[in-house]
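Peer 1: Sequence and computational prediction follow.
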Amino acid sequence: MSRIFNYGEDQLTSGVALMIARGSIKGTLKDSTKLKIQHSEKIVQNIVRGDKAVYGINTGFGPLCDQRISIKNTAKLQHNILKSHSVGVGDPIPTEIAKLMLILKVQALAQAYSGIRLTTLERIIWHIENDIIPVVPSQGSVGASGDLAPLAHLFLPLIGEGLLEKNKVVLKTNTVLEEENIIPISLAAKEGLALINGTQFITAYAVKVVEKLHSCLAHADIIGAMILEGLLGSPSPFMKEIHKLRPYKGTKHVAERIHKMLDGSEIVNSHIDCNRVQDPYSLRCMPQVHGASRNAWLHLKELVEIELNAVTDNPVIIHETLSISGGNFHGQPLAMPLDYACLAASELGNISDRRIYLSVTGLAKNVPKLLMLETGINSAFMMPQYTSAALASENKTLCFPASADSIPTSLGQEDHVSMGSISGRKALQVIGNVEKILAIEMMYAAQAFDYHHPLKSGEVINITHKRIRQDIDHAEEDRVFADDIQKCLSLLQSGDILTLAKSNDLLRTEQDALFEEY
């Protein structure tokens, strides 16, 4: 039986949102929450019947906010806003992100500050539970006044418009509703506005960034430790004594993890008296570089959790006599940390590429140049590093912060916007490239590690190497390395290595509660 999450009452986290999207937690509305929603709806109905002008309820939108709307045109106004704001372009966003948007919108609306009807909220929950998900274009949001265009597309199906994905097939909404014997909703006062105001597009992307960047960070420590072993790097830079002197949380966490992985290593002991004074930065400074990216991830995680439980509508219905038109829909609070996370991810790939390059230089005496014994006839592991270099360079071009830009819209009414939707999409694109770079480093690390056989490392590195070798073999002659890269990428994305490491409970640190839960 699935766990229960109470929308509007329980605290949503990135991990819980993903579990609801994947069906391991069921989202529901408590009776007490339903009563609050119905009370908020009545307040809106009273505003419609009253004389006081309240933005978006009995007035037009944006620069048309000074135009009063009659009672008879209230419903048409809400339908028109969904249609007129559905101006998205580009490829559809991933289905899971669209589903996350639905989940996040329910969490926001269920807090009963938006005046939406219970029946409308229950229809959105129906889409979530039946995995019938709207198709949303990826481009068109400037990240202020909410993610207007993508949210409009997300909720077109409520009124019988737009497209839906059902059983991985994209269909017209009216076709799906007929199959399900369901009629479209006629929106009431303020509902269209409540549906399109909010940061759910930006936040859904941020949830995925939190998940995927965490995976990259965790893999980078393990892969980096293995390649350090392969290149006979020193364990000294990971000792806790040095990191007490500069105690950043991320740095301490990474150093402790890598130090634990090297503990008891026969490979480390085999070169304890070598004459190499210090290692290149890409090996020696993993705690500082990985740790800085960890700190950026932690910052994003904490801000995303605030946003997941925030009300980002406008106007906000506080109580019977107080409705406030403010700016909670503005995406800046997430746009900036998403740009920071984008840079943090890029740097993780950048230092990984440097370790990849270092591993083919013959740095370790018993590890051959280009990671293969017979070269000349074999190009060996020369070319995969070209790919990692290309990916790292591409990421650098994507690191310009989208939140540094603003283009006025809505006849100047919306004169500063966040561009946070671009921040989110760009961050996820960079992370996808980092996964590929780490997959290449994984392949190189296993190859370098092989040359120290039969010496063994610590348990986590040993089991990681063994798992890699289940999918790809050691290479002593050229082959299509793209196939090996893809296998390593699939292994990384499966999370198998992290599961193996956690099952041995060998990587827990003093900072674990901060960096391992989201």
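Peer 2: That came through, no problem.

Peer 1: Report how many residues lie close to Ala220.
Peer 2: Applying other CB atoms under 10 Å, we find 25 residues neighbouring Ala220. C-betas here are computed from N, CA, C, even on glycine.

Peer 1: Helix, strand, or coil at it?
Peer 2: helix (DSSP: H, G, I helix; E, B strand; the rest coil).

Peer 1: Just the pLDDT for it.
Peer 2: On the pLDDT scale, Ala220 is placed at 98.

Peer 1: try Arg276
Peer 2: At Arg276, the model reports a pLDDT of 76.

Peer 1: And the one 3 residues further on, by the same measure?
Peer 2: For Asp279, the model assigns a pLDDT of 94.

Peer 1: Now it. Nearest residue, chain neighbours left out?
Peer 2: Among residues not flanking Asp279 along the chain, Gly233 sits closest, at 4.8 Å (CB to CB, 6 or more residues apart in numbering).

Peer 1: Can you give me every residue that contacts the one you found?
Peer 2: Gly233 makes contacts with Asp279, Leu283, Arg284, as judged by CB atoms under 8 Å, 6 or more residues apart in numbering.

Peer 1: could the residues you listed go into JSON lines alongside secondary structure?
Peer 2: Shown next, in JSON lines, are the contacts of Gly233 (three-state DSSP):
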{"residue": "Asp279", "secondary structure": "coil"}
{"residue": "Leu283", "secondary structure": "helix"}
{"residue": "Arg284", "secondary structure": "helix"}
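
Peer 1: Just name the closest of these to Lys76, please.
Peer 2: Of all these, Leu283 has the smallest distance to Lys76: 65.4 Å, by CB to CB.

Peer 1: What is the burial count for that closest one?
Peer 2: The local packing of Leu283 (other CB under 10 Å) involves 23 other residues.

Peer 1: before we move on, which element is the closest residue to it other than its chain neighbours in?
Peer 2: Leaving out its chain neighbours, the residue that sits closest to Leu283 by CB to CB, 6+ apart is Gly233, at 4.4 Å. Applying DSSP states H and E as the criterion places Gly233 outside every helix and strand.

Peer 1: where does Gly233 fall, phi/psi-wise?
Peer 2: phi -80, psi 160 (degrees, to the nearest 10).

Peer 1: And Ile318, by the same measure?
Peer 2: Dihedral pair for Ile318: phi -80, psi -50, per degrees, to the nearest 10.

Peer 1: Distance of it relative to Gly115?
Peer 2: 11 Å (CB to CB, to the nearest Å).

Peer 1: so where is the protein shaky, pLDDT-wise?
Peer 2: 1, 55-56, 58-67, 69 (pLDDT under 70).

Peer 1: follow-up on the earlier one: what separates the residue nearest to Asp279 from His85, distance-wise?
Peer 2: 55 Å.

Peer 1: circling back to that earlier point, quick one: the residue nearest to Asp279 from Pro368, how far?
Peer 2: 17 Å.

Peer 1: what about Ala448, how many neighbours?
Peer 2: 27.

Peer 1: Check Pro235 too.
Peer 2: Here the count is done by other CB under 10 Å, and Pro235 has 18 residues near it.

Peer 1: what's the closest non-adjacent residue to it?
Peer 2: Leu262 (4.5 Å).

Peer 1: The one you found touches Ser236, doesn't it?
Peer 2: No: here Leu262 does not reach Ser236: they are 10.1 Å apart, not a contact under CB atoms under 8 Å.

Peer 1: what about these two, which has more around it?
Peer 2: Here Leu262 and Ser236 are set side by side on neighbour count (other CB under 10 Å), and the busier one is Leu262, at 20 against 12.

Peer 1: Phi and psi next, for that one.
Peer 2: The phi/psi pair for Leu262 (degrees, to the nearest 10) reads phi -90, psi -10.

Peer 1: how close does it get to Tyr451?
Peer 2: Distance from Leu262 to Tyr451, by CB to CB: 18 Å.
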